[in-house]
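1. Dropping a prediction and its sequence here:
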Amino acid sequence: MLKRLFDIVVSLWGLAILSPLFLVIALAIKFSSPGPVFYRGLRVGRFGKPFYMVKFRTMVLNADKLGGPSTADDDPRITEIGRWLRRYKLDELPQLFNVLKGEMSIVGPRPEVQEVVALYTEREKPLLTLKPGITDYASLWNIDEGAILKGSKNPHQDYLKKIWPKKVELQLKYLREQSLWTDCKIILQTVRQLVVNSKLKNKYS
């Protein structure tokens, strides 16, 4: 109950503060490439219930029909404005709506597609008792999956080999250690890491 109250307060606060930025991003997407402003991707939620995760659209129209679910930084489906949004993780901000609706939490395992969830072992299936989140230990470990997958001929297979094993172990770590205090620490570390990474990318871009 306390975690849900925390999610509601933080998501409402975030949406209120960021609403001008949402408008700017929406206009930039709308006038830069054909298609909707938002992308709604089908993901597996708590207890295996499917839901549509909302993000700012960063790829061409019907991108899901042109490639797999994992995306490298050099994926040709990504639009110019999309590259910039992904660079600073701004495409993830609309997931605050998912949090407000109760489909996601601020902190929790990143939501996966059904084909990945189908690979869960008996040891990993308890992860489905958690609401998926915007950030978690795995996000802190690897905040830029696209950079790791860059140059891959099969990004999704490389995701399963190079990223997924460590990612699921960190998600199980969160399952064991979950608390409001843990959530606060992860949120603060996520903000710090985003700021540091943005500065480094600006420096070397």
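-> Alright, I've got the coordinates.
2. now the strands for this protein?
-> For the chain, applying DSSP state E gives strands covering 38-44, 50-56, 105-107, 133-135.
3. quick one, which of those strands is nearest to Gly146?
-> Nearest of the strands of the chain to Gly146, taken as Cβ to Cβ: strand 50-56 at 13.5 Å. Bear in mind the C-beta positions are built from the backbone N, C-alpha and C, glycine included.
4. Now Lys162: closest residue in space, sequence neighbours ignored.
-> Counting by Cβ to Cβ, 6 or more residues apart in numbering, Lys162 lies nearest to Ile148, which is 6.1 Å off, once chain neighbours are set aside.
5. Same list, the strands of the chain, but as TSV with mean neighbour count and mean pLDDT please.
-> Below are the strands of the chain laid out as TSV (neighbours: other Cβ atoms under 10 Å; pLDDT from 0 to 100):
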stretch	mean neighbour count	mean pLDDT
strand 38-44	17	95
strand 50-56	19	97
strand 105-107	26	97
strand 133-135	25	96
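6. Tell me which of these sits nearest to Val10.
-> Of all those, strand 105-107 sits nearest to Val10, with 5.3 Å by Cβ to Cβ.
7. out of the strands of the chain, which comes closest to Glu80?
-> strand 50-56 (13.5 Å).
8. The closest one versus strand 38-44: what angle between them?
-> Angle, strand 50-56 to strand 38-44, by axes from the mean of the first three to the mean of the last three Cα atoms, to 10 degrees: 150 degrees.
9. Tell me which residues are up against strand 50-56.
-> Residues outside strand 50-56 that contact it (Cβ atoms under 8 Å, 6 or more residues apart in numbering): 25-26, 29, 37-45, 85, 90-95, 97-98, 103-104, 111, 114, 132.
10. buried subset of these?
-> Taking 16 or more other Cβ atoms under 10 Å as the criterion, what is buried in the contacts of strand 50-56 is 25-26, 29, 39, 43-45, 85, 90-95, 98, 103-104, 111, 132.
11. Sounds good, over and out.
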